[in-house]
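**Q** one predicted model, sequence on top.
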Amino acid sequence: MKKLTQIALTALLFVGITATAQTQLKKGSVTYSMTMPNVSEEMAAMGESTITVHFDEKTQATDMSMMGGMMLMKTIVPNENKKDSKMTVEVMGMKYEITDAGEEASKNANGLTNLENAKDIVYDKKDTKEIAGFKCYKATVNMNDGTKSTYYITEAIVPQISATESKLKLAGYPLEITTQTAQGEMVMKATKFSKEVPAEAFKVGEGYTKTTMEEFQKQMGGM
């Protein structure tokens with residue numbers, strides 16, 4: 001369970017922060033499938049996970065479903081101040097709200113949104129795919145530690161850039177991401193785009209027990 005929780009948190013932070021954006025459409029929802037093709041049979045048995053990113057001009061929310069809906073995670077991240085971020089988790093009938101989610105989002109933003117640990121980005125506009133109705137081209141991010149991440153990006157959805165971000169940034173919005181994590185290779189690919197955002201997308205529901213990230217991870221590690 002601890003490894004599964006770490007994978008979920010990595011995916012949420014990676015997609016939820018990397019994909020912070022506003023588009024020509026002003027708002028929308030992108031649904032991704034997430035697979036880890038090289039993990040153990042035990043982890044592979046958990047099945048494919050689904051991640052949906054909802055965004056408008058002010059806020060972004062990321063919903064993640066794992067184990068056929070047995071584990072649900074949600075983050076709500078304001079574009080201007082990530083310290084005000086919120087996170088909820090539902091697992092095996094228990095509901096938690098992570099009280100220090102904003103600190104985690106700010107801590108993990110470096111190297112994800114800002115690509116501060118990236119050496120360079122190499123674009124190949126001849127290598128194209130159509131993903132979720134958008135024409136995308138390849139971008140390879142080479143990190144200073146020698147690892148690589150492969151993106152297929154669309155310029156139809158333009159990443160939001162703040163004055164504090166690194167000069168090195170993607171030219172478009174990622175609709176397919178292949179990256180290395182501590183748990184193995186992670187592949188996220190958009191399967192659907194909607195112009196509509198559900199009314200409850202940026203809200204935290206009721207009935208959640210408040211806990212810190214450290215307390216939550218300890219509890220999950222012990223199950």
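**A** Looks like it arrived, so ask away.
**Q** what packs against the helix or strand where residue 190 lies?
**A** Using DSSP states H and E, residue 190 sits in strand 184-194. Under the contact definition 3 or more CB pairs under 8 Å, 6 or more residues apart in numbering; DSSP states H and E, strand 184-194 sits against helix 2-18, strand 28-35, strand 173-181. The C-beta positions use only the backbone N, C-alpha and C, and glycine is treated the same way.
**Q** show me what whichever helix or strand comes after it packs onto, helices and strands only.
**A** Beyond strand 184-194 in the direction of the C-terminus, DSSP H and E gives the next helix or strand as strand 209-211. Strand 209-211 sits against strand 94-98, with contacts defined as 3+ CB pairs under 8 Å, 6+ apart.
**Q** okay, now the sheet partners of the strand it packs on, with direction.
**A** strand 86-91 (antiparallel), strand 209-211 (parallel) (DSSP bridges).
**Q** could you dump the ones you listed to TSV with mean pLDDT and mean neighbour count?
**A** Supplementary listing: the strands paired with strand 94-98 in TSV, determined by pLDDT from 0 to 100; neighbours: other CB atoms under 10 Å:
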stretch	mean pLDDT	mean neighbour count
strand 86-91	89	21
strand 209-211	92	12
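**Q** nearest to residue 178, of those strands?
**A** Across these, the minimum distance to residue 178, taken as CB to CB, is reached by strand 86-91, at 24.8 Å.
**Q** can you list the weak-confidence ranges in this structure?
**A** For the chain, residues meeting the criterion pLDDT under 70 lie at 1-26, 39-47, 103-116, 158-168, 182-183, 221-223.
**Q** show me which strand runs longest in it.
**A** strand 118-131 (DSSP state E).
**Q** buried ones in it?
**A** 118, 121, 131 (16 or more other CB atoms under 10 Å).
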